[in-house]
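Chemist: Using only what follows, build the 3D model:
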Amino acid sequence: MAHPSPLEEPVAAAAAARFGRRVRAYQQLSKLYVFDQYLGVPLAWSLLGPAAATAARTLAVLAACLVCVVAVVAASVALDDVQGFRDGSDSVNYGPREGLPRKRSRKPLLDGRLSERDALRFAKASAGLGLVALAVAFAVAPHRPLWVWVAAGGCTLASLQYSWGVKLSYVGLEEPILIAGTACTMLIPFGFVTGRVTAAAGAEAALFGFWMMSVSVFSNTHDADGDRQVRRLTVPARVSARANRRFILVVFGCCWGLLLGGLLTGALPWWLALAILPGLALQMRQLRTGLGAGDNLLARTIGFKAYRAAIAALIASNLLAWLR
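Modeler: As a prediction, the model looks like this:
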């Protein structure tokens, strides 16, 4: 058996290192490490009950939906990076700033690891994979009500046009798209399996969407200067600092109001009030950090922890209901 020559080994090691850097660059471009919007599929699964949740057809539908969500989100954030690179907003938002600077390594276009062409090819491939996965979900789903068709098509189109094409996030639709799109990642797979929207599904989808907005509002606040320069009309970019503080409080108030309403009406089980306490405590810390100390990026980080704690509480309370 032939052994590699001493000259071949460094060449192979260098090629492997280049490949590894390339893979990591695409991972950063697709933001796979921000898995929070993928949690709508397991949340939908937890609402189905043991019989439906373990059926082979259900698992096939949910798997296809999960692939669709991951692929479409990857395409959307890749296009967002291309647009942010072209208009210069990412150079501002990821440049040297006071407080906690954002890591430029998360933007492979900024440091030259990927080209615009690379990113656009990746976005097109990811969008194609997402559409194929959505078609598979339609093909194997036990139910295909019209509202699921509309929601799936609308959310997919809005995600891909978020920062590209029509640029919906540049015309003041960033916040409603984020809330509705996040909620739909849970409602669509639930609708495929059950054909309807229950009170519990509606309440949890609304919480899912608004809780995500409570995270995003702080990163949008941090990015307001850069967004304002390129006329990306998020709420923080188009209102005063005082009005934005009020908007943040309204978003958090919606989270708490939806939770309280769901508990009082019975749409959400009473034991969720106990399970979600860690998430609520983290949200209060998030508010103190963002509005009190003015550290928007740290508030965003805490917000993700609060979000994940809340979704874990929802899933756990749903699974506990299986035992009833």
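Chemist: contacts, neighbours, all on C-alpha from now
Modeler: Noted.
Chemist: show me the contacts for the nearest residue to Leu168 once chain neighbours are set aside.
Modeler: Nearest non-adjacent residue to Leu168, counting by C-alpha to C-alpha, 6 or more residues apart in numbering: Tyr162, 4.9 Å away. Counting by C-alpha atoms under 8 Å, 6 or more residues apart in numbering, Tyr162 touches 76, 80, 168-169, 174.
Chemist: Need the mean per-residue confidence for stretch 261-274.
Modeler: On average, the pLDDT along stretch 261-274 is 95.
Chemist: what about Ala267, distance to Pro50?
Modeler: 19 Å (C-alpha to C-alpha, to the nearest Å).
Chemist: More neighbours: those two, which one.
Modeler: Ala267 (17 against 14; other C-alpha atoms under 10 Å).
Chemist: Could you look up the SS state of the more buried one?
Modeler: coil (DSSP: H, G, I helix; E, B strand; the rest coil).
Chemist: In this structure it contacts Ala203, no?
Modeler: Yes - counting by C-alpha atoms under 8 Å, Ala267 touches Ala203, with 6.8 Å between them.
Chemist: Run through the chain and note the low-pLDDT ranges.
Modeler: Residues of the chain meeting the criterion pLDDT under 70: 1-17, 95-105.
Chemist: please redo it, this time with the cut-off set to 90
Modeler: 1-35, 37, 81, 83-114, 162-166, 169-172, 223, 225-233, 321-324 (pLDDT under 90).
Chemist: For the residue most central in space within it, give its distance to Asp111.
Modeler: The centre of the chain sits closest to Gln37, judged by C-alpha atoms, centre = their mean, with a distance of 3.3 Å. Gln37 sits 26 Å away from Asp111, going by C-alpha to C-alpha.
Chemist: same question, Val92
Modeler: In terms of C-alpha to C-alpha, Val92 sits 14 Å off from Asp111.
Chemist: Need the residues touching each of these two.
Modeler: With C-alpha under 8 Å, 6+ apart, Val92 and Asp111 have no common neighbours.
Chemist: between those two, which one's more packed in?
Modeler: More crowded of Val92 and Asp111, by other C-alpha under 10 Å: Val92, with 16 against 11.
Chemist: Find the nearest non-adjacent residue to that one, please.
Modeler: Nearest non-adjacent residue to Val92 (C-alpha to C-alpha, 6+ apart): Gly226, at 5.5 Å.
Chemist: and if you look at Lys305?
Modeler: Spatial nearest neighbour of Lys305, chain neighbours left out: Leu282 (7.2 Å); criterion: C-alpha to C-alpha, 6+ apart.
Chemist: Distance of the one you found relative to Ala309?
Modeler: 9 Å.
Chemist: go on, Ser46?
Modeler: Taking C-alpha to C-alpha, one finds Ser46 at 16 Å from Ala309.
Chemist: Could you check which of the two has the larger neighbour count?
Modeler: Ser46 (22 against 18).
Chemist: backbone phi and psi for Thr198, please?
Modeler: Main-chain dihedrals, Thr198, degrees, to the nearest 10: phi -80, psi 170.
Chemist: likewise Gln28?
Modeler: phi -70, psi -40.
Chemist: Just give the number of residues close to the nearest residue to it once chain neighbours are set aside.
Modeler: Nearest residue to Gln28 in three dimensions, chain neighbours excluded: Arg106, at 5.3 Å (C-alpha to C-alpha, 6+ apart). Other residues near Arg106 number 19, with proximity taken as other C-alpha under 10 Å.
Chemist: likewise Ile179?
Modeler: 20.
Chemist: Now do the contacts for it.
Modeler: Ile179 touches 206, 209-210, 212-213, counting by C-alpha under 8 Å, 6+ apart.
Chemist: Columns neighbour count and secondary structure on top of those residues, output as TSV?
Modeler: Below are the contacts of Ile179 laid out as TSV (neighbours: other C-alpha atoms under 10 Å; DSSP: H, G, I helix; E, B strand; the rest coil):
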residue	neighbour count	secondary structure
Ala206	23	helix
Gly209	25	helix
Phe210	27	helix
Met212	24	helix
Met213	26	helix
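Chemist: possible to save these as JSON lines with distance to Ala139?
Modeler: What follows is the contacts of Ile179, written out as JSON lines (distance: C-alpha to C-alpha, whole Å):
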{"residue": "Ala206", "distance to Ala139": "27"}
{"residue": "Gly209", "distance to Ala139": "27"}
{"residue": "Phe210", "distance to Ala139": "31"}
{"residue": "Met212", "distance to Ala139": "30"}
{"residue": "Met213", "distance to Ala139": "32"}
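Chemist: And those residues, which is closest to Ser317?
Modeler: Ala206 (16.4 Å; C-alpha to C-alpha).
Chemist: Just the element for the spatially closest residue to that closest one that is not a sequence neighbour, please.
Modeler: Closest residue in space to Ala206, ignoring its immediate chain neighbours: Ala183 at 5.9 Å, by C-alpha to C-alpha, 6+ apart. Per DSSP states H and E: Ala183 is located in helix 174-194.
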